[in-house]
Structure formats: C-alpha cells, structure tokens
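K.L.:
Provide a 3D model corresponding to the input given below.
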Amino acid sequence: MLLPATYMLPAVRRSSCCPASTTAPQYGGSTTAILINLPGEASSVVTALDGYRMAQQGRAGAALATAAIGSFFAGTVATFVIAFLAPPLATVALQFQSPNTSR
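P.N.:
So this is what the prediction gives:
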C-alpha cells in the first residue's frame, strides 16, 4: 500500500520508506504475541514464549517496550548496513555477465 505513494518522492525518502514498511509488521506481530499469546508470524513465536509470561505477571508494558526498542534498534542497524553495503554490492552485481554460449 505504501509503494504507490513513494513514486513521487526523492530517492532518499523513497529508500527510507522500505525499511519502515518491513519492520512495522514485525513489531505488530509481537504485540499480539505478548498480550494474548497469539504470534502474528513465525518470527513472533519466541516473543510469545517470554512476552506472554511477562504479561501474566503484570509486566506487559515492559515486554512491549522491550519489543519496540529491539525492533527499532534492529531496523536502524539493518538500514545502515544496507545503506553502506549497497554501493559495493551494486558494483559486484554489475560485473555479472551472461556466459559465452558459442564455443
């Protein structure tokens, strides 16, 4: 749903929307995993194990905050890694050529 809105944006803003659109659902799945022990996706199963126990002990706020901070940190680090590795990877990718089929 976010993709059509990015067509008119400059390249820097467009590239910052992509990580946001992938990390937001990850955090959303952890909310249901923590509060009602129902993981939204496979990556939230581990969150459901510890987070739901914390919610039963009355520490749901701490579990949700930990999930939010962890999601933000991981998303930020992954965005910087992709931003710094993209130029060298693009250089390597442009060196690929089709094999010479005529012998």
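
K.L.:
At the geometric centre of this structure, which residue sits there?
P.N.:
residue 23 (3.1 Å; Cα atoms, centre = their mean).

K.L.:
Helix or strand: which one has the residue nearest to that residue when sequence neighbours are not counted?
P.N.:
Nearest residue to residue 23, sequence neighbours excluded (Cβ to Cβ, 6 or more residues apart in numbering): residue 75, at 3.8 Å. C-beta: built from backbone N, CA, C; applies to glycine. Assigned by DSSP states H and E, residue 75 belongs to helix 60-94.

K.L.:
Please apply the same query to residue 15.
P.N.:
Applying DSSP H and E, one finds residue 15 within helix 11-36.

K.L.:
Counting neighbours, which bits of that helix end up buried?
P.N.:
19, 23, 26-27, 29-34 (16 or more other Cβ atoms under 10 Å).

K.L.:
Closest to residue 92 out of these?
P.N.:
Closest approach between the buried residues of helix 11-36 and residue 92, by Cβ to Cβ: residue 19, at 21.9 Å.

K.L.:
re earlier: do me a favour and average the pLDDT over the helix holding residue 75.
P.N.:
Average pLDDT, helix 60-94: 87.

K.L.:
Does anything pack onto it? Which helices or strands?
P.N.:
helix 11-36, helix 45-56 (3 or more Cβ pairs under 8 Å, 6 or more residues apart in numbering; DSSP states H and E).

K.L.:
now the helix holding residue 15: how far from the chain's centre is it?
P.N.:
Mean-position distance between helix 11-36 and its chain equals 6 Å (Cα atoms, centre = their mean, to the nearest Å).

K.L.:
Next, the angle from that helix to helix 45-56.
P.N.:
50 degrees (axes from the mean of the first three to the mean of the last three Cα atoms, to 10 degrees).

K.L.:
Report all helices and strands that helix 11-36 contacts.
P.N.:
helix 45-56, helix 60-94.
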